[in-house]
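Colleague: dropping the sequence and predicted coords here.
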There are 2 protein chains.
Amino acid sequence: MASSETVRRHTQDDVARTALRLLDDVGLPDLTMRRLAAALDVQPSALYHHFPNKQALLADLADRIVSPRPVATTSGEWDRDVRSAAAALRDGLLAYRDGAEVVASTLSMGLGADAALRRLSDSIALGGFDEATTRRAATALLHFVLGHVSHEQQRLQYDSLGVVVGRGPDASADAFAFGVDLLVEGLRARVVSYL
Amino acid sequence: MASSETVRRHTQDDVARTALRLLDDVGLPDLTMRRLAAALDVQPSALYHHFPNKQALLADLADRIVSPRPVATTSGEWDRDVRSAAAALRDGLLAYRDGAEVVASTLSMGLGADAALRRLSDSIALGGFDEATTRRAATALLHFVLGHVSHEQQRLQYDSLGVVVGRGPDASADAFAFGVDLLVEGLRARVVSYL
DNA sequence: ACCTGAACACCGTTCAAGT
DNA sequence: ACCTGAACACCGTTCAAGT
């Protein structure tokens, strides 16, 4: 028995998964490298063996938040698919505290989180739009979704802090659907002009 | 002559204006209370006489970034007005480095920056929509504008750092106009269904 | 009212050294 | 390969004390 009992070395996946749990527990502002290290029973410097810096770690988290969406089955009508892709993205973002902010900031850094954009683009492309239109509509939709869900999640924190504001989650979901509809209808106006 | 020469006490307006200039010079990540204090030739603790905390300072900056838009003359067609209100908002955000991020983060904190929302709402209301539709369309538009300009401004930083990506500012302006159009067309679809 | 000086409780990151 | 220990160069904020 040359190996001792408590070596406890971590893999990159361990670090990311613990970070994701920590994010959900304490929120983005309190997700520090030092707290993450403590959660892993490790010195802060050890984290830099797995990720070059905090930004890279956050980019990895953004990918994990956005990735595992089951895409929802593709069904005939492109607008139905766009709506469900947007809804699925929203659900993914809502699954982790501050999820939208993590993805938005990562995206604004130019790193990852393009899985989300790709999924929206794919559903829009079913409408038969040219590439530029598809790309632009997808980013417009992505911006709306991230902005909306960021707002929504920060509302959730206020509410959990005891501040009652009224307007339950239904109103939020309705406002979300409304925004998506606006963009979808705008797109439909273009598909008509194609004829 | 009981008064000495260099008393140099600052007003809240001084602090905010210096902060705005510092923001434009160094960007949001480097806009620290300590650097701001240094720029004012003052101890960091002195700032807390003018603003209760950094968040309040940033909210004030957001208001200043968003406020002085001349609204563009209101002219018959509501959709024209919405487009120019959105463009004016974009210009205002672009006038300061990281302007969109400052406004977005302030808005997500629930503080100020509602001048922007009000201006968008006012232009949309000219279309004769009900209040809920107007409010939701305005926030959808605001989310798009903030997301788009954030992205745009972070591109500008990359470019100024020497990284050449192609796609000049024209492409950005076009993409912006496209996004606004999409929402406006979506709204128009609703005004038709009113008849 | 406005500011100083000093402190408190933190940050992200680097780097030599260990196994 | 993965980690420790210690340090560097910072943060935002508080608070007694000065004028």
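Modeller: Looks like it came in fine.
Colleague: ok, A:Val82 - contacts?
Modeller: Residues near A:Val82 by CB atoms under 8 Å, 6 or more residues apart in numbering or on different chains: A:120, A:123-124, A:127, A:141, A:180, A:184, A:187. C-beta coordinates here come from the backbone N, C-alpha and C atoms, glycine included.
Colleague: where does pLDDT dip in chain A?
Modeller: Per-residue confidence for chain A (pLDDT under 70) gives these ranges: A:1-7, A:70-72, A:164-165, A:192-195.
Colleague: walk me through the domains of it.
Modeller: A:4-52, A:64-194 (automatic domain parsing).
Colleague: centre of the chain to the first one, how far?
Modeller: What that stands for is domain A:4-52. 20 Å (CA atoms, centre = their mean, to the nearest Å).
Colleague: that domain near DNA strand D at all?
Modeller: Yes. Domain A:4-52 reaches DNA strand D (CB under 7 Å from any atom of the strand) through A:8-11, A:41-46, A:49-50.
Colleague: in helices only, show me those.
Modeller: With helices defined by DSSP state H, no entry of the residues of domain A:4-52 next to DNA strand D lies inside them.
Colleague: which among those residues count as buried?
Modeller: A:10, A:42, A:50 (16 or more other CB atoms under 10 Å in any protein chain shown).
Colleague: top of the contacts of A:Val82 by neighbour count?
Modeller: Ranked by neighbour count (other CB atoms under 10 Å in any protein chain shown), the contacts of A:Val82 have A:Leu141 at the top, with 28 neighbours.
Colleague: correct me, but that one touches A:Val180?
Modeller: Yes. Counting by CB atoms under 8 Å, A:Leu141 does reach A:Val180; the two are 7.1 Å apart.
Colleague: which neighbours do those two share?
Modeller: A:82, A:86.
Colleague: who in chain A is up against DNA strand C?
Modeller: A:30, A:32-35, A:44-45, A:48, A:52-55.
Colleague: between which two of these is the distance greatest?
Modeller: Among those, the pair separated by the greatest distance (CB to CB) is A:Asp30 and A:Pro52, at 22.1 Å.
Colleague: tell me the residues of chain A that contact DNA strand D?
Modeller: Within chain A, the positions near DNA strand D by CB under 7 Å from any atom of the strand are A:8-11, A:41-46, A:49-50.
Colleague: give the contact list for A:Gln55.
Modeller: By CB under 8 Å, 6+ apart, A:Gln55 lies in contact with A:109, A:111.
Colleague: change it to 7 Å
Modeller: Contacts here follow CB atoms under 7 Å, 6 or more residues apart in numbering or on different chains; on that basis A:Gln55 touches A:Met109.
Colleague: tally up the residues packed near the residue lying closest to A:Leu23 once chain neighbours are set aside, please.
Modeller: Leaving aside its chain neighbours, A:Leu23 sits nearest to A:Leu31 (5.1 Å; criterion: CB to CB, 6 or more residues apart in numbering or on different chains). Other residues lying near A:Leu31 total 23 when counted by other CB under 10 Å.
Colleague: list the buried ones in stretch A:128-138?
Modeller: A:129, A:133-138.
Colleague: quick one: that stretch near chain B?
Modeller: Yes. Stretch A:128-138 lies within reach of chain B by CB under 7 Å from any CB of the partner chain, at A:136-137.
Colleague: now do that stretch: distance to the chain's middle.
Modeller: In terms of CA atoms, centre = their mean, the gap separating the centre of stretch A:128-138 from the centre of its chain is 21 Å.
Colleague: same check, this time on stretch A:80-91
Modeller: Worked out by CA atoms, centre = their mean, stretch A:80-91 lies 12 Å from the chain centre.
Colleague: only alpha carbons, please: show it as PDB.
Modeller: In PDB, the C-alpha atoms belonging to stretch A:80-91 read as follows (Å, rounded to 0.1, in the frame of the first residue of the first chain):
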ATOM      1  CA  ARG A  80     -43.000  27.300 -33.300                       C
ATOM      2  CA  ASP A  81     -39.400  26.100 -33.100                       C
ATOM      3  CA  VAL A  82     -38.000  29.500 -32.500                       C
ATOM      4  CA  ARG A  83     -40.500  30.000 -29.700                       C
ATOM      5  CA  SER A  84     -39.600  26.700 -28.100                       C
ATOM      6  CA  ALA A  85     -35.800  27.300 -28.600                       C
ATOM      7  CA  ALA A  86     -36.100  30.600 -26.800                       C
ATOM      8  CA  ALA A  87     -38.200  29.100 -24.000                       C
ATOM      9  CA  ALA A  88     -35.700  26.300 -23.600                       C
ATOM     10  CA  LEU A  89     -32.800  28.800 -23.400                       C
ATOM     11  CA  ARG A  90     -34.700  30.700 -20.800                       C
ATOM     12  CA  ASP A  91     -35.300  27.600 -18.800                       C
END
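Colleague: coming back round to it: any idea which of the domains of chain A is most buried?
Modeller: domain A:64-194 (a mean of 18; mean count of other CB atoms under 10 Å in any protein chain shown).
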